[in-house]
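Colleague: I'd like to go over a predicted model; first the sequence, then the structure.
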Amino acid sequence: MGVALRPLIADYKESLAWDQLGGTAAIDAYNALYQFLSGIRQPDGTPLMDDEGRITSHLSGLLFRTANLVEKNITPVYVFDGKPPAFKEATLAERRVIRENAKESWERAVKEGDEDSARKYAMASSKVDAFITDSSKELLTALGIPWIQAPEEGEAQSAYMAAAGDVTYAVSQDYDSLLFGTPKLLRNLTVSGKRRLHGKYVPVYPERLILAEVLNGLEMTQVELIASALLIGTDYNSGVKGVGPKTAVKLVREGKFAERIVESENAADPEELIRYFLDPPVEKNYTIAKKAPVQEKVFEILCEQHGFSEDRVSAGLERLGAKKGQATLDSWF
DNA sequence: TCAAGATG
DNA sequence: CATCTTGAC
């Protein structure tokens, strides 16, 4: 989600240059992996695959994006989702339906030779499944990049770590971590700096949101921001019909939250949802330590198992700070 | 030097 | 999404 919240915080977005962003960044792994899976595809929508038909789009994306971040003095920590809270079920079910329909539409578009539609539907059929997350964790470990398993929502975990001062930012295209109280949120942390929008390429810059500025600007407390989001609709509730960002803020200011939120379809009591945003389950015992890449392991995973070219992998490793000439695949033979 | 296109 | 090659300027 996050889209619903967008108009509320639009005024507080700040475009930044890469050299202003150094620090440690808790990256929403689900969000990043979904981007790789949906974006790294051939024109007809087929994802990158090894010769056994296993998807490798996410591994390519992880290697190169991570290399870029490290080069720009940003230490990434990937945060993986755990078990979703029960009240997210309706949203997850809805996503499943959209995904399955998209898969059918993709197959139809391929048959009809409509490449543009094929790619669009292929993107929407992307699924971050156990293979995707397991293989990502394995690669990150080999790359020496820290990752953390959240007990429930990754966004909640990132927000906790940012609030605790253990990371500088939470990174996600979604805005949820603001509801979970992350002090700083980064978006658009891609390197290409360009994104396709209605067929044209438009420049994109890293974007920073500071929660305190949002709250000051809206003259709201954290609870009031959460209340506004609940009126608009979140992953955990449907929102109130006819209530958008403007009305939501107005209602909250007028003290009409409790009165109106009953019109929203909630799987949980609104008070319970507010408590969840304020104090979600998080892992508090973690260490964030970037290590040197284990080069042999990286080559084993990417080149031997998944058919990546050795040149590309070496280039990526070098940018990750691996020493050249140190045990590479060649030295094994 | 840079954008388009092919490739992973 | 990201890189590498190519070709126009």
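Modeller: Looks like it came in fine. Numbering: from 1, shown residues only, chains lettered A, B, ... in the order given.
Colleague: Chain neighbours aside, what residue packs nearest to residue A:267?
Modeller: In space, and not counting its chain neighbours, residue A:267 is closest to residue A:87: 4.0 Å by Cβ to Cβ, 6 or more residues apart in numbering. Quick note: C-beta positions are derived from backbone N, CA and C, even for glycine.
Colleague: for that neighbour, what are its contacts?
Modeller: A:236, A:237, A:266, A:267, A:268, A:272, A:273, A:276 (Cβ atoms under 8 Å, 6 or more residues apart in numbering).
Colleague: Of these, select the buried ones using a ChimeraX command.
Modeller: Buried residues among the contacts of residue A:87 (16 or more other Cβ atoms under 10 Å), as a ChimeraX selection:
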select /A:236,237,266,267,268,273,276
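Colleague: want to try CSV for the contacts of residue A:87, with distance to DNA strand B as columns?
Modeller: Formatted as CSV, the contacts of residue A:87 follow (distance: Cβ to the nearest atom of the strand, whole Å):
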residue, distance to DNA strand B
A:236, 34
A:237, 37
A:266, 41
A:267, 39
A:268, 40
A:272, 42
A:273, 39
A:276, 37
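Colleague: quick one: which of the contacts of residue A:87 is nearest DNA strand C?
Modeller: DNA strand C lies nearest to residue A:236 out of these, by Cβ to the nearest atom of the strand, at 26.9 Å.
Colleague: now the closest one: how far from residue A:226?
Modeller: 11 Å (Cβ to Cβ, to the nearest Å).
Colleague: Same question for residue A:233.
Modeller: Taken as Cβ to Cβ, the span from residue A:233 to residue A:226 is 13 Å.
Colleague: These two: which has the busier surroundings?
Modeller: Legend: neighbour count by other Cβ atoms under 10 Å for residue A:233 and residue A:226, higher for residue A:226 (25 against 22).
Colleague: pretty sure that one contacts residue A:275?
Modeller: No: with contact defined as Cβ atoms under 8 Å, residue A:226 does not reach residue A:275; the gap is 9.7 Å.
Colleague: Quick check: which ranges of chain A have low pLDDT?
Modeller: For chain A, residues meeting the criterion pLDDT under 70 lie at A:1-3, A:193-201, A:323-333.
Colleague: Longest helix in it, please.
Modeller: Criterion DSSP state H: the longest helix present in chain A is helix A:89-111.
Colleague: What are the buried residues along that helix?
Modeller: Buried-residue list, helix A:89-111, by 16+ other Cβ under 10 Å: A:91, A:102, A:103, A:105, A:106, A:109, A:110.
Colleague: and of these, the nearest to DNA strand C?
Modeller: The closest of the buried residues of helix A:89-111, once distances to DNA strand C are taken by Cβ to the nearest atom of the strand, is residue A:106, at 16.7 Å.
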